[in-house]
Every structure is written in structure tokens, then in C-alpha cells.
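Novice: Any chance you can model this:
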Amino acid sequence: MKKFPVILTLFVIFSAALAVMAANASEYEAYLNARFGYSVEYPGIFDTRREPDNGDGIWFESADGEYALTISGGHNVFDHDGEALLRECYDRVAYIVEGSERSAPNFYSIAYEGGGGMDGAEYVFHEYGVVNEDIWASFILKYPKDEEERFAPVKERMEASLKLP
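Specialist: Numbers count the residues shown, from 1 in each chain. As a prediction, this is how the structure comes out:
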């Protein structure tokens, strides 16, 4: 009978931790880039943020390094479309998640895996971008591979909210 209070206590702690994680993943903030005018909503799970001097975007990271987000944009000086931007991804990324690649004239999307370092952590990098004749904007969201299900609605919301002016 003494085990019951211990199990109950562990259950309550575990449930509270899951509730905090779920709440953080459901809270979103908006980012508006002043230089290029693009905007996107992102989950409020990040502790640090840095902005480059040129004003093209922003970088976020969680305190534990498990989650990261890069948001950036620029002038479309090479007159690329979404399909051309996706082709460029093939030259710079490895370990593409099979079947993750999609593109059309105004967007591209791809996922790739990385990590596998000494700690054995595996991460997914979900990249999504939009483009028009004047500018492009994109984000790269990094999260643990074993949290794919949790991040599916996050990716959907971010993709739907990434807008060019």
C-alpha cells in the first residue's frame, strides 16, 4: 500500500510536466521583419533570441538546446521560384527525410535529419519557405526526432502563417 502514494506522486509530476510542454507548444508569438515585411507565427518555447545586424531575420533557441528556429528573408535577386529554392537545398543538406520534399512556384518545403553525435540525439530540421518576384522568406525549425507527432501541428501553423507583404 505504501507504493500507491509514490506512484500517484510520480503520475502527478509527469502529468504536470506534460501539461507545461503542451501549453508552451500551444502559445504562439508573431514575428514581423521590419526590413522585408514578412511575418510568421512561432511557438513560445524559446529562451534566447538573436538578431543579425543586417536585419534579415532572427534566431531562437531553447535553454537546453533541444529546439531552435531560424527565420530569415532576402531580396529575390536571382529570380528564383519555390522549385529552384528546393533544388538549392539538395546541394547544402544531407539526410533528407524521404517524401518530405514539396514545392510549387511560390513555396518549398523539406525536412532533413541531423545530430547523431556522441549523445545519440537525433533532430529533424523542417525548412519551409515562400517566394515571390521580389523577396523570399523561410524558417528552419529544429526539434528532437522523437517529437515529430508533437511538432506536426506546429509546422502546419507556421507554414500557414508565413506571409510575404
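
Novice: ok, and the helix or strand in the chain with the lowest average confidence?
Specialist: helix 3-26 (a mean of 47; mean pLDDT, DSSP states H and E).

Novice: And the next helix or strand past that one?
Specialist: Going down the chain from helix 3-26, the next helix or strand is strand 28-32, by DSSP states H and E.

Novice: Quick check: phi and psi on Phe139?
Specialist: As for Phe139, its main-chain torsions (degrees, to the nearest 10) stand at phi -140, psi 150.

Novice: Spatially nearest residue to it, not counting backbone neighbours?
Specialist: Leaving aside its sequence neighbours, Phe139 sits nearest to Ile71 (C-beta to C-beta, 6 or more residues apart in numbering; 4.8 Å). Just so you know, the C-beta spots here come from the backbone N, C-alpha and C atoms, and that holds for glycine as well.

Novice: and the one you found, how many neighbours?
Specialist: Burial of Ile71 is recorded as 23 neighbouring residues (other C-beta atoms under 10 Å).

Novice: What's opposite it in the beta bridge?
Specialist: Ile58, Phe139 (DSSP bridges).

Novice: From Ala94, how far out is it?
Specialist: Per C-beta to C-beta, to the nearest Å, Ile71 is found 22 Å from Ala94.

Novice: Please apply the same query to Thr70.
Specialist: Distance, Thr70 to Ala94, by C-beta to C-beta: 18 Å.

Novice: Now the most centrally placed residue in the chain. Nearest residue, chain neighbours left out?
Specialist: Centroid-nearest residue in the chain: Leu141, 1.8 Å away (criterion: C-alpha atoms, centre = their mean). In this structure, Leu141 finds its nearest non-sequential neighbour in His126, 4.7 Å apart by C-beta to C-beta, 6+ apart.

Novice: Tell me what the one you found is bridged to.
Specialist: In beta-bridge terms (that is, DSSP bridges), His126 pairs with Ala111, Leu141.

Novice: And for it, the neighbour number?
Specialist: Residues lying near His126 (other C-beta under 10 Å) number 23.
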